[in-house]
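Q: Structure, please.
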Amino acid sequence: MADKHKDAEDNIGELLRQCRQHKRSAQHQLFQIFYNYAMSIARRYVGSVETAEEVVNDAFFKAFTKIDLYEESLSFRFWLRRIVINTAIDRLRSALHGQDKNEPMTEHHYLVEESSVVEDLTREQILASLDRLPPTYRTVFNLFVVDGFSHEEIAQMLGVSIGTSKSNLSRARQHLRTLFSDDFEFKK
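A: The predicted model follows:
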């Protein structure tokens, strides 16, 4: 099975050409090749595996319906990453507009950051801790820390001010420190 994926990865250009012709078998192969990658991204942004699966399915649907917009000068992996992130953010926006917010994105002064207390946690422990953050904090944390977006880019994506982005990042870090300290008994 791994050899099958390796052969398909080597032939991404051909799969993309076939996807542009709406060939289901090529879409299915591309989905299989990049599913775990897309899930790892979506999982960081949403609070559950089930919701991450929905985000990934929506992202692949968008990718396949907009495949003609893909420029081959870019890495397909990078293009898909942006679609998954934007789909997760869209999901967050609709969730925030449809119900009471756990913690709204509000203006606050940028808080002073402390050094990290976490070094040797497993991926599952980190994801579990991220899941416990309010959605807005989790989103800003992922966009800034993991995906490397600037506060200016985050502010534009989320429709908030730069100060709000910085404040939410700082609060996310504070929450994570507290969670890690409580759950894993780290000492400063």
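
Q: where does this structure dip in pLDDT?
A: Counting by pLDDT under 70, the chain contains low-confidence ranges at 1-10, 97-123, 182-188.

Q: Helices of that one, start to end?
A: 2-10, 12-20, 24-45, 49-65, 76-98, 123-131, 135-141, 151-158, 162-184 (DSSP state H).

Q: Need these in a markdown table (columns: mean neighbour count).
A: C-betas here are computed from N, CA, C, even on glycine. Output for these, formatted as a markdown table (neighbours: other C-beta atoms under 10 Å):
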| stretch | mean neighbour count |
| --- | --- |
| helix 2-10 | 11 |
| helix 12-20 | 16 |
| helix 24-45 | 18 |
| helix 49-65 | 18 |
| helix 76-98 | 17 |
| helix 123-131 | 14 |
| helix 135-141 | 24 |
| helix 151-158 | 17 |
| helix 162-184 | 18 |
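
Q: For the closest residue to Gly13 other than its chain neighbours, give its distance to Ile12.
A: Closest residue to Gly13 apart from its sequence neighbours, by C-beta to C-beta, 6 or more residues apart in numbering: Glu72 at 7.2 Å. For Glu72, the distance to Ile12 (C-beta to C-beta, to the nearest Å) stands at 10 Å.

Q: Kindly report the same for Phe64.
A: Distance of Phe64 to Ile12, given as C-beta to C-beta: 14 Å.

Q: Next: Arg173.
A: In this structure, Arg173 and Ile12 are 37 Å apart, going by C-beta to C-beta.
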